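**Q** sequence and predicted structure, then a few things I'm wondering about:
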Amino acid sequence: MGSRIALIGCGKMGRALLDGWVKSGIKSIIVVEPSGIKGAPKSVRVLKKPGRELKNCDVIILAVKPQIMNNVCKALKPHLAKDALILSIAAGRSINGFKKLFGASQPIIRAMPNLPASIGKGISVAVASSNVKPTQKKIAAQLLAAAGQVEWVKDEKLMDAVTAVSGSGPAYVFYLIETLAKSGEKAGLGKALSMTLARQTVIGSAALADADKTDAATLRKNVTSPGGTTAAALEILMNGEMQKIFDRAIDAAKKRSQKLSQ
């Protein structure tokens, strides 16, 4: 990809994307990170503050915390080309909000990747402003695809639900591993063995879901013998309470995303 890109912020998600880009062979990357970054690849130029180097960049990826976004954007604006694509991966920050910060003519894409992007197994959902050119959308798709699967939506309002499901979703899966391991301990397993079983069960199940495109409900039924041990456990898990808990959790994350955009 011949485009010159600048990554603003290199926290966990920014670094996950950066690693994905480097692994895929993308070059001409500038990173702006006040604290610097450890182990920066040779192909990446690191700046501690924005400067004139950004004027030549085609794409500016915003990967800073939503709470400091306004100040960061105000510092960036004088250094950017008016037609540079702004690609934001910040939770809850709307396209209209960025238009107010950069100007109505600035092309904006709002995206929500997730942490597995660091190993090329992430999924990103994106929405573009009306003035984003097809070539810019293609470039954004390439950048996001370097870290995993990419989906697009036309209605920006859906991004809050996307953030709640896939953006925050890895934490829910990691918590499932923790919970399953603790239950194994209570059932008599040693701590180390129980955690190993829980981790590998989730890893293997995810890999199976990826390899076998059968829907999740069918995969579950394939593991469940009538009257067996799995059926006994699912009778507890599928009593409706787990669905209610997830509904409440996703709703809470969605509302938080909406609040961040205000």
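**A** Everything's here; your move. Note that the structure is predicted; figures quoted are calculated from it, not measured.
**Q** touching, Lys74 and Phe98? I think so.
**A** No. Taking Cβ atoms under 8 Å as the definition, Lys74 is not a contact partner of Phe98, at 11.8 Å. Placement of C-beta: from N, CA and C, glycine included.
**Q** give me the more crowded residue out of these two.
**A** Set side by side, Lys74 and Phe98 show more neighbours around Phe98, with 22 against 11, by other Cβ atoms under 10 Å.
**Q** who does the residue lying closest to that one once chain neighbours are set aside form a beta bridge with?
**A** Leaving aside its sequence neighbours, Phe98 sits nearest to Ile108 (Cβ to Cβ, 6 or more residues apart in numbering; 4.8 Å). For Ile108, the beta-bridge partners under DSSP bridges are Ile86.
**Q** could you count how many residues lie near Ile108?
**A** 26.
**Q** for it, give me its contacts.
**A** By Cβ atoms under 8 Å, 6 or more residues apart in numbering, the contact set of Ile108 is 85-86, 88, 95, 98-99, 102, 128-129, 132.
**Q** one more pass at 7 Å, please.
**A** Residues near Ile108 by Cβ atoms under 7 Å, 6 or more residues apart in numbering: 86, 95, 98-99, 129.
**Q** which one of the residues you listed has the most neighbours?
**A** In terms of neighbour count, Ile86 stands highest of the contacts of Ile108 at 25 neighbours, by other Cβ under 10 Å.
**Q** hmm, who's touching the lowest-mean-pLDDT helix or strand in the chain?
**A** Among the helices and strands of the chain, helix 12-23 carries the lowest confidence by mean pLDDT, DSSP states H and E, at a mean of 85. With contacts defined as Cβ under 7 Å, 6+ apart, helix 12-23 is touched by 7, 10, 29, 31, 41, 43, 63, 89, 113, 115, 117-118, 120, 143, 146-147.
**Q** run the last query once more with 6 Å
**A** If you take Cβ atoms under 6 Å, 6 or more residues apart in numbering as the criterion, helix 12-23 is touched by 7, 41, 63, 115, 117-118, 120, 146-147.
**Q** for stretch 112-124, buried residues please.
**A** With burial defined by 16 or more other Cβ atoms under 10 Å, the residues of stretch 112-124 counted as buried are 112-118, 120, 122-124.
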